[in-house]
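# Predicted model and sequence follow; I will ask about them next.
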Amino acid sequence: MSNDIRHSAQCFCGEVRFEVTGAPVAMGYCHCDSCRHWAAAPVNAFTLWKPEAVRVTHGSDLVGTFNRTAKSYRKWCKKCGGHIYTQHPGWGVVDVYAALLPRLSFEAGLHVNYAESVLRIADGKPKFRDMPKEMGGSGELLPE
């Protein structure tokens, strides 16, 4: 995928708009309690991008930030409450929720925090108990 490929996204009301450029560095599913609660869903489909590939194009003054831990800075629209993306400074990536990028061909490569799963997914992809070792996790794989 070329760096000139752009995907546009927006919050729920459309007042905050942003784009991602190029290709994500990884895609998958997070099953952690924190992501599930933030997304109000049983699983979060993530796409990870280098920070320089993500740019707010409209409504930056409406972007709010919430972080429960230093690992995740969750961004949301102050007008509608719609979720935008999550910055992970320690890992050097930004998680743009896959649902906000409908033209991106989403292809999950792994599952993280599968030990916390409330929705089992039998897709043949690696299921990490927590995180891969490269991201500070145990690297332990769980069965489907």
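Yep, that arrived.
# can you give me the helices in the protein?
Here the chain has its helices, by DSSP state H, at 33-39.
# Which positions are bridged to Tyr97 in the beta structure?
Tyr97 forms beta bridges with Phe46, as assigned by DSSP bridges.
# Can you list the low-confidence ranges for this protein?
1-3 (pLDDT under 70).
# Show me the strands in it, by range?
Taking DSSP state E as the test, the strands found in the chain are 6-10, 17-21, 26-30, 44-49, 54-58, 63-69, 72-77, 83-88, 93-97, 110-112.
# And those: which comes nearest Glu134?
Of all the strands of the chain, it is strand 26-30 that lies closest to Glu134, at 10.4 Å by C-beta to C-beta. Yep, even glycine has a C-beta here, placed from its N, CA and C like the rest.
# just the angle between the closest one and strand 93-97, please?
Here strand 26-30 runs at an angle of 60 degrees relative to strand 93-97 (axes from the mean of the first three to the mean of the last three C-alpha atoms, to 10 degrees).
# Identify all contacting residues around strand 26-30.
For strand 26-30, contacts defined as C-beta atoms under 8 Å, 6 or more residues apart in numbering pick out 43-48, 93, 98, 106-113, 121, 125.
# Quick one: buried ones out of those?
43-48, 93, 98, 108, 110-113, 121, 125 (16 or more other C-beta atoms under 10 Å).
# Which pair of those residues spans the longest distance?
It's Val93 and Ile121 that sit farthest apart of these, by C-beta to C-beta, at 22.1 Å.
# Please look at Val93 and Trp49 and confirm they touch.
Yes. The criterion here is C-beta atoms under 8 Å, and Val93 meets it with Trp49 at 6.4 Å.
# overlap in contacts of these two?
Shared contacts of Val93 and Trp49 (C-beta under 8 Å, 6+ apart): Val25.
# Quick one: neighbours of Leu101, just the number.
Neighbour count for Leu101, taken as other C-beta atoms under 10 Å: 20.
# Might one say that it is in contact with Ile5?
No. Counting by C-beta under 8 Å, Leu101 does not reach Ile5; the two are 11.3 Å apart.
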